[in-house]
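Novice: A structural model of the following input is requested.
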Amino acid sequence: MVYVKKLDWEEWNVKHIKKHTVVVEEVEQVCHGKHVTRLGKKGRLLIIGPTQSGRMLVVILSPTAKKNVYYPVTARPADKQEIRDYKNESR
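Specialist: The predicted structure follows:
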C-alpha cells in the first residue's frame, strides 16, 4: 500500500474522472483507504480499492515533486480481474 498524503486536483482531472462516472470524493476515499498498488506506465501508480460505499475503483496517480503528493490522472470502475486482485492481495 502506498501512503498518499494529498492529491493535487485541478479543473482538468476533475472533469476527466467525471467522464468515467467517478467523483473526487470517491478517489480520495480509495487513495486514503485500504488499497493495493501496481506500477503503471510512465512511472505512474495504479491504485485499486473500494469507496466507502463499496464501489471498487482503479485510480491512476502520477507522482509530483512533493513527497507523498500525487496528481490523479484518471479513475474508473475496476474490472472483474482487478476486483479479484484486490480481494486476493488485501487479506
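Novice: show me the strands in the chain, by range?
Specialist: Residue ranges of the strands in the chain, as given by DSSP state E, are 6-7, 36-39, 45-50, 56-63, 69-77.
Novice: out of the ones you listed, which comes closest to I83?
Specialist: strand 56-63 (5.0 Å; Cβ to Cβ). Where C-beta positions appear, they are placed from N, C-alpha and C, glycine not excepted.
Novice: buried ones in the closest one?
Specialist: 56-62 (16 or more other Cβ atoms under 10 Å).
Novice: cool, and stretch 66-80?
Specialist: Across stretch 66-80, burial judged by 16+ other Cβ under 10 Å covers 70, 72-75, 78.
Novice: tabulate those residues (a markdown table), appending pLDDT and distance to W9.
Specialist: As requested, the buried residues of stretch 66-80 are exported to a markdown table (pLDDT from 0 to 100; distance: Cβ to Cβ, whole Å):
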| residue | pLDDT | distance to W9 |
| --- | --- | --- |
| Y70 | 97 | 11 |
| P72 | 98 | 7 |
| V73 | 97 | 12 |
| T74 | 98 | 13 |
| A75 | 98 | 12 |
| A78 | 98 | 21 |
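Novice: show the pLDDT at S90.
Specialist: For S90, the pLDDT comes out at 84.
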